[in-house]
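Engineer: Just to be clear, the model below is a prediction. Sequence and coordinates:
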Amino acid sequence: MSDEFNDSQRDTDNVTSMDRARARLEEARQRFQGVTGELGGHVRSASEQARRRGARLSRHGAAIGRRALSSVSDVGERYADKAEPLRQGVDQARDHVESWADDLSDYVRAHPSRAVMAAVALGFVVGFLTRRRDEDGADV
């Protein structure tokens with residue numbers, strides 16, 4: 001009878017251990033789902049932010065290109081009688097810049113993180129080139 005009781009007790013202990021293990025496994029699964037959901041939210045947020053920044057950079061670059069083309073067009077119109085070849089070149093340049101601006105906008109939409117990294121790299125290069133130095137060559 002004692003062996004039967006011990007076997008029954010061991011079975012109960014095994015079931016209890018398995019229930020605890022299942023509960024811990026379920027708890028770990030829920031924590032993992034929470035962490036992955038939170039991580040996914042951060043990734044979506046960063047992606048959206050990169051997309052917005054890339055689109056803003058694209059619009060800014062297109063605006064600069066349009067202003068430059070506008071200035072060139074104004075000069076071309078003033079000297080139209082003497083500069084028909086220049087006008088044709090300006091038209092071609094406008095088409096190229098507009099095409100470039102459209103391509104840039106499409107690229108930024110397709111690859112927002114690359115666009116942001118390119119903007120950061122460009123900012124670094126501009127900052128490096130424009131930093132102030134004293135007579136000894138040390139940064140001011």
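Structural biologist: Arrived safely, thanks for sending. Residues are numbered from 1 along each chain as shown.

Engineer: what's the weakest-modelled helix or strand in this structure?
Structural biologist: Taking all helices and strands of the chain together, the one with the lowest average confidence (mean pLDDT, DSSP states H and E) is helix 2-78, at a mean of 74.

Engineer: Check which helices and strands that one is in contact with.
Structural biologist: Contact here means 3 or more Cβ pairs under 8 Å, 6 or more residues apart in numbering; DSSP states H and E; on that basis helix 2-78 packs against helix 84-110, helix 112-130. Quick note: C-beta positions are derived from backbone N, CA and C, even for glycine.

Engineer: Now do the buried residues in stretch 109-125.
Structural biologist: Within stretch 109-125, the residues that count as buried by 16 or more other Cβ atoms under 10 Å are Pro112, Ala115, Val116, Ala119.

Engineer: and the angle from the least confident helix or strand of the chain to helix 112-130?
Structural biologist: Between the axes of helix 2-78 and helix 112-130, defined by axes from the mean of the first three to the mean of the last three Cα atoms, to 10 degrees, the angle is 60 degrees.

Engineer: Could you tell me the angle between helix 2-78 and helix 84-110?
Structural biologist: Here helix 2-78 runs at an angle of 170 degrees relative to helix 84-110 (the same axes, to 10 degrees).

Engineer: Tell me how far stretch 20-30 lies from the chain's centre.
Structural biologist: If you compare the mean C-alpha spot of stretch 20-30 with that of the full chain, they lie 36 Å apart, counting by Cα atoms, centre = their mean, to the nearest Å.
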